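>>> 3D model of this:
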Amino acid sequence: MAFQLDGHVAFVTGSTRGLGKDVAKSLGRAGAKVAFNYFNNQQIAEATFDEFKAAGGQGMLIRGDASDEDTVNEMCKQVASELGTIDILVPNATPDQPQMPIEEFTWQHCQSMIDFFIKSPFLLTKACVGGMKQQKWGRIINITSEVYHRSVGNFVAYVSAKGGQIGLTRSLATEFAPFGITVNSVAPGWIPTERHINDPQENKDAYRALIPANRWGTPQDIGDAVLYFASEEASFVTGQTLCVNGGMTPW
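Below you'll find the predicted structure:
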């Protein structure tokens, strides 16, 4: 059967709500043991993980800041100790994403984006790649965004950091290819999740009207794309960015 991950261990940061939740569940349904990560809301995190276990999933729940080096190293050691070598890594944790003119941004906004979308994947990869190299198999899937490809305005901090994350993905793909490790990224379109509940309805309607596929994307669409990159079937695909946005970026 295709896309089976039995015997593998996945670590998905920021995975107890939003897109990360469905990414983690998709990997678990395919047979991977999954480490769910959260930082802020323990109640939501525990409810998500209980739901995962009730559906037959195997894994663990771990709290920690995915942008802090000491915490990242400790989390990766703990996951490896309890579940086994991490060989599927999905850096997904994200900060708030303000959209406004550049005159209103501060450098702190930019630094926050860099910390989560470049520093965090860098630290996580550095902590996990040794085990992947030893077993000559690994999958690193970064969650980027269509905003880089669509050059979205009034979003300079987010777009810049996502562009850097795509560059990180491409460079690591070339570096790790000889070791049987692939590095790819999934770039979601605007998929409404909990963080979008208060977004203006007119903004949602305007975006929805542009989607060639004539429907909203779902978190499961992102989970399925990540599952493909994590699978053996994608072993010859590396350094790529897959936009999952219903045809919004057909170039």
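>>> all helices of the stretch 51-200 of the chain, in order?
Under the criterion DSSP state H, counting those that start in this stretch, the stretch 51-200 of the chain contains helices at 69-83, 107-114, 120-135, 146-150, 156-176.
>>> May I see the ones you listed arranged in JSON lines, with distance to residue 217 and mean neighbour count as well?
Where you see a C-beta, it was placed from the backbone N, CA and C, and this is true even at glycine. Below are the helices of the stretch 51-200 of the chain laid out as JSON lines (distance: least, Cβ to Cβ, whole Å; neighbours: other Cβ atoms under 10 Å):
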{"stretch": "helix 69-83", "distance to residue 217": "29", "mean neighbour count": "17"}
{"stretch": "helix 107-114", "distance to residue 217": "22", "mean neighbour count": "16"}
{"stretch": "helix 120-135", "distance to residue 217": "22", "mean neighbour count": "19"}
{"stretch": "helix 146-150", "distance to residue 217": "10", "mean neighbour count": "20"}
{"stretch": "helix 156-176", "distance to residue 217": "17", "mean neighbour count": "19"}
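>>> Dump these into a markdown table; add mean pLDDT as well.
Listed next are the helices of the stretch 51-200 of the chain as a markdown table, based on pLDDT from 0 to 100:
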| stretch | mean pLDDT |
| --- | --- |
| helix 69-83 | 98 |
| helix 107-114 | 97 |
| helix 120-135 | 98 |
| helix 146-150 | 96 |
| helix 156-176 | 98 |
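>>> any chance of the ones you listed in CSV, plus distance to residue 52?
CSV is the format used below for those (distance: least, Cβ to Cβ, whole Å):
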stretch, distance to residue 52
helix 69-83, 14
helix 107-114, 28
helix 120-135, 21
helix 146-150, 28
helix 156-176, 26
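>>> got the contact list for residue 118?
Counting by Cβ atoms under 8 Å, 6 or more residues apart in numbering, residue 118 touches 161, 164, 165, 168.
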